[in-house]
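# model the following, please.
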Amino acid sequence: MERRGWEQADVIIFSGDAYVDHPAFGPAVIGRVLESKGLKVVIVPQPNWKDDLRDFKKMGKPRLFFGVTAGNMDSMVNHYTANKRLRSDDPYTPGNQAGFRPDRAVKVYSSIIKKLFPDSLIIAGGIEASLRRLSHYDYWDDQLHSSVLADGYIDYLVYGNGEKTISQIVDALKSESGANIIREIPQIGYFVHDPTVIPEIEGLESIILNSHLDCLNSKKSFAQNFRIIEETSNVLSAPRLIQDTGRGIVVINPTLPPTSTTDLDDIHDLPFTRLPHPKYWKKPLIPAFEMIRFSVNIHRGCFGGCAFCTISAHQGKFVQSRSENSILKEVRKVKEMPGFKGYISDLGGPSANMYMMAGRKTEPCLKCKRSSCIDPEICPNLSTDHTPLINLYQKVRNLPGIKKAFIGSGVRYDLFLSDNQKKEPSHQKYPEELIRHHVSGRLKVAPEHTHSHVLIVMRKPPFIQFLKFRKKFDQINTKYKLNQQLIPYFISAHPGCTKVDMAELAVKTRDLNFRLEQVQDFTPTPMTLATVMFYTGLDPYSLKPIFVDTKIEDKKAQKRFFFWHKKEEQAEIRRELEKIKRPDLISQLLPTYFNIKKNKGRPYFFLL
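Now for the predicted structure:
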């Protein structure tokens, strides 16, 4: 600040991540957007919240507002495993070290700021705030929490991608009528004690949700709320949501229209260095940065609507794509980065192959409440033409200095394999283009399960489509004499999935010669369909009961079936199969491994 001649910052942002000046890091994007509006912006990464709080005091009070974000990850997901065990690492910190951000960082940071600067304006954003904007289930407390706005520390909450919203807030703060204008800005949340001060906005419908107290007393009420929240998050013309928290009223304004290609290009054209701040250059590497150092994001949003995923709740279901020229310009920047050896690690997005996909006609999308454009079947209005993506791949790989451009994001094979959609010529061309030219030796896909009834709950396509894609993958590898692997992702203990389902999944994938690596135990995170099912035991759309394994030991037992090939797991797997009365699966899953006998009351193992 002294070197720049600043006496006071306009905006000070506190972030739970180490600072990386890259468009994949939210705090950097918001900082650069505010800077482009002529503001003096300070970012304080990973402030120490335990000592004398000097990190919160040293920059003083900003002229406009304090910004607060937990960073690119929810702090609780960052800190804890699905078994609620404390993690020993943090990929957003130099050296992968844990312990540099608090639990529920948004609340902790904002409470400290409000205590030190009581009359300051605090605006929260990022994924942690975004997904806690209304009543939500907290898996780590096993409790229903009210909106983060109800704590009384945050003045405004920006949910989703916030570049346009924060720009409008700044414009409002510069005007004479400030606060009243802010409350009319789309894609914000705010808290009031008096409902009469909620502004009437012409043409805007409001929906009153079940109160937080109602949700505490009735899981059905909470499930009903979720359906409304999800549906209104996925329409282009949405209402305002209002919820009584018991302490006051939370108001959530509807989202802005999807970001245009021009605006998205402008954001990526801001002067990012694409590097960690120089203060980290002599410190150990930041793993999250290393992972995306040579990658390029080509679009936002995802219309998959998977039950366990937060992307649509945060970024929305409407895909927002960058122009070909903007992407190629960034690839050329990557080529000039230190350490670049000719390989783009990922040319993708939330899903690898949704680039430039949208409804053929806008009209049907305006009021459409479907959370997924491809489940239970692909919407006839959705264009799944892969031609723009194929053209982009070809132009990137033909740039001088680019040896390979890999696709590291997950591929949605149902977009070109589904039987119920209009077949495009690109549906045949895309998998060959992808597999022949853009696989780094291993291609990630996410069937997630093998059983149809579980996949229906997950909002994922039938497993037969994965088998079709695997066959095509093998054929293309054989055709071009390539030695590449297909790496499938699976989830255990998802709502609707029993231990028998997991055991049968293990048998099926074993018979397909998979020793699964990319697996995870379902972790309930706020504002997902699967989390609401986990907490309530209900399907929010039908309000019918659904099976859920909620106990930690049951979740562990489900995940254990993934590891039938590990000697140390086989005794427990065998016992679990006997416990669930499926001894027939023992011979199918463990035919050539270990048996258990008793020797003076103590188990021992011997090879069959």
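
# how far away is D151 from Q394?
Separation of D151 from Q394 (C-beta to C-beta, to the nearest Å) stands at 51 Å. For every residue, glycine as well, the C-beta is placed using N, CA and C.

# quick one, strands of the stretch 1-150 of the chain?
Using DSSP state E, counting those that start in this stretch, the strands found in the stretch 1-150 of the chain span residues 11-15, 20-21, 41-45, 65-69, 122-124, 136-138, 143-145.

# quick revisit: ok, D151 and Q394, which is more surrounded?
D151 (18 against 12; other C-beta atoms under 10 Å).

# not counting sequence-adjacent ones, nearest residue to the more buried one?
Among residues not flanking D151 along the chain, K107 sits closest, at 5.9 Å (C-beta to C-beta, 6 or more residues apart in numbering).

# you'd agree the one you found is up against V148?
Yes: counting by C-beta atoms under 8 Å, K107 does reach V148; the two are 6.2 Å apart.

# tell me which of those two has more neighbours.
V148 (27 against 22).

# leaving out chain neighbours, which residue sits closest to the more buried one?
Nearest to V148 is R132, by C-beta to C-beta, 6+ apart, at 4.5 Å.

# what's the neighbour count on that neighbour?
26.

# how close does it get to F65?
20 Å.

# what sits against A238?
The contact partners of A238, by C-beta atoms under 8 Å, 6 or more residues apart in numbering, come to T232, P254, T255.

# what helix or strand is it located in?
A238 belongs to no helix or strand when assigned by DSSP states H and E.

# how about stretch 500-510: buried residues?
Using 16 or more other C-beta atoms under 10 Å as the test for burial, stretch 500-510 gives D501, M502, A503, E504, L505, A506, V507, T509, R510.

# sort out which one of the residues you listed lies nearest V457 for me.
Set against V457, the nearest of the buried residues of stretch 500-510 by C-beta to C-beta is D501 (10.7 Å).

# phi, psi of the closest one?
When read as degrees, to the nearest 10, the backbone of D501 gives phi -60, psi -40.

# could you number the chain from 825 rather than 1 from now on?
I'll keep to 825 as the first residue from here, and by that count the last item is D1325.

# got phi/psi on the spatially closest residue to it that is not a sequence neighbour?
Nearest non-adjacent residue to D1325, counting by C-beta to C-beta, 6+ apart: H1275, 5.0 Å away. With angles defined as degrees, to the nearest 10, H1275 sits at phi -90, psi 130.

# now do the contacts for H1275.
H1275 touches F1287, C1321, D1325, E1328, L1329, counting by C-beta under 8 Å, 6+ apart.

# show me what whichever strand or helix holds Y1014 is packed against.
Taking DSSP H and E as the criterion, Y1014 maps to strand 1012-1016. Where contact means 3 or more C-beta pairs under 8 Å, 6 or more residues apart in numbering; DSSP states H and E, strand 1012-1016 is packed against strand 980-982, strand 1073-1076.

# the helices in the stretch 875-1024 of the chain, which residues?
Assigned by DSSP state H, counting those that start in this stretch, the helices in the stretch 875-1024 of the chain fall at 878-881, 899-903, 929-940, 951-954, 987-998, 1002-1006.

# for K1292, find the nearest of the ones you listed.
Nearest of the helices of the stretch 875-1024 of the chain to K1292, taken as C-beta to C-beta: helix 899-903 at 32.9 Å.

# residues touching that closest one, excluding its own?
840, 894-895, 910-911, 914, 916, 922, 925-930, 952, 962-964, 1347, 1349.

# list the contacts of the nearest residue to K1292 once chain neighbours are set aside.
Nearest in space to K1292, with sequence neighbours left out and distances taken as C-beta to C-beta, 6+ apart, is L1241 at 5.4 Å. Contacts were defined as C-beta under 8 Å, 6+ apart; by that measure L1241 touches H1251, Q1289, K1292, F1293, K1296.

# kindly report the same for H1251.
Per C-beta under 8 Å, 6+ apart, neighbours of H1251: T1208, H1210, F1240, L1241.

# how close does the last one sit to T1333?
Okay, so that is L1241. Taking C-beta to C-beta, one finds L1241 at 19 Å from T1333.

# what's the longest helix seen in the chain packed up against?
Using DSSP state H to define each element, the chain has its longest helix at helix 1287-1303. Helix 1287-1303 is packed against helix 1238-1241, helix 1249-1261, strand 1266-1272, strand 1309-1316, with contacts defined by 3+ C-beta pairs under 8 Å, 6+ apart.

# residue boundaries of the strands in the stretch 1275-1424 of the chain?
With strands called from DSSP E, counting those that start in this stretch, the stretch 1275-1424 of the chain shows them at 1309-1316, 1343-1345, 1418-1423.

# okay, now the sheet partners of the first one, with direction.
Going back to what we said before, that points to strand 1309-1316. If you go by DSSP bridges, strand 1309-1316 pairs up with strand 1266-1272 (parallel), strand 1343-1345 (parallel).

# and the shortest one, which residues are buried?
Same thing as strand 1343-1345. Those would be Q1344, D1345, for strand 1343-1345 by 16+ other C-beta under 10 Å.

# tell me how far it is from the chain's mean position?
Its chain's C-alpha centre and that of strand 1343-1345 lie 16 Å apart, by C-alpha atoms, centre = their mean, to the nearest Å.
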